[in-house]
Structures are given as C-alpha cells and as structure tokens.
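*Asks:* With the sequence up front, the predicted model follows.
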Amino acid sequence: MNVKDSNGTPLNDGDSVQVIKDLKVKGSSVTLKRGTVIKNIRLNEDDEEVIECNAEKVKGLVLKTCFLKKV
C-alpha cells in the first residue's frame, strides 16, 4: 500500500502527522485547528487514502491524507 500526505511524502503506520487546515469534526462541535499534531496513525485499507487516528479531543477519527503532512 502506498499512502502519501499532501506533500507527497510516504506515510507508514505509527507516524505522526500535522493538520494543515482547520477541520470541523462531523457529529461534534469540535474543530481540529491547523497545526494540531496527531501521533500514531493507522493506515486504512480503503482506496481513498484515508487514515484512522485519535486526537486529544476526539477518538476514532478518520481523516483524508490531503489535509495532513508528515512531521
């Protein structure tokens, strides 16, 4: 599986990523602010280049890699 972040850097399980844009979380009033670091990501088997992760405020997030960059 070849998953890349917004800059084209390859991502692996366990990497840390940073949010590059403010993102509203569906089903919640929480907004992930730009610059938020998310640690220990898990790659999903989907074709859409998405990852599963846990942020400080929200657990069980699924994010698209186009909004992330590797730290």
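*Replies:* Good, I have the coordinates.
*Asks:* can you list the residues that contact stretch 36-55?
*Replies:* For stretch 36-55, the external contacting residues (Cβ atoms under 8 Å, 6 or more residues apart in numbering) are 1, 3-4, 11-19, 32, 56, 60-66, 68, 71. Yep, even glycine has a C-beta here, placed from its N, CA and C like the rest.
*Asks:* Quick one: buried ones out of those residues?
*Replies:* 3, 11, 15, 17-19, 32, 61, 63, 65, 68 (16 or more other Cβ atoms under 10 Å).
*Asks:* List the ones among the contacts of stretch 36-55 that fall in strands.
*Replies:* Secondary structure from DSSP state E places 17-19, 32, 61-64, 68 of those in strands.
*Asks:* Quickly check these for the two that are furthest apart.
*Replies:* Greatest spacing in the ones in strands among the contacts of stretch 36-55, by Cβ to Cβ: Q18 and V62 (17.1 Å).
*Asks:* Now tabulate the ones in strands among the contacts of stretch 36-55 in JSON lines and tack on distance to V25.
*Replies:* Converted to JSON lines, these look like this (distance: Cβ to Cβ, whole Å):
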{"residue": "V17", "distance to V25": "16"}
{"residue": "Q18", "distance to V25": "17"}
{"residue": "V19", "distance to V25": "11"}
{"residue": "L32", "distance to V25": "7"}
{"residue": "L61", "distance to V25": "7"}
{"residue": "V62", "distance to V25": "10"}
{"residue": "L63", "distance to V25": "10"}
{"residue": "K64", "distance to V25": "13"}
{"residue": "L68", "distance to V25": "15"}
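*Asks:* Report pLDDT for the closest residue to I38 other than its chain neighbours.
*Replies:* Using Cβ to Cβ, 6 or more residues apart in numbering and skipping the chain neighbours, the partner closest in space to I38 is C53 (4.8 Å). For C53, the pLDDT comes out at 93.
*Asks:* Include distance to D46 and pLDDT when you put the ones in strands among the contacts of stretch 36-55 into JSON lines, please.
*Replies:* Formatted as JSON lines, the ones in strands among the contacts of stretch 36-55 follow (distance: Cβ to Cβ, whole Å; pLDDT from 0 to 100):
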{"residue": "V17", "distance to D46": "17", "pLDDT": "97"}
{"residue": "Q18", "distance to D46": "21", "pLDDT": "97"}
{"residue": "V19", "distance to D46": "19", "pLDDT": "96"}
{"residue": "L32", "distance to D46": "20", "pLDDT": "94"}
{"residue": "L61", "distance to D46": "14", "pLDDT": "91"}
{"residue": "V62", "distance to D46": "9", "pLDDT": "92"}
{"residue": "L63", "distance to D46": "12", "pLDDT": "93"}
{"residue": "K64", "distance to D46": "10", "pLDDT": "92"}
{"residue": "L68", "distance to D46": "15", "pLDDT": "95"}
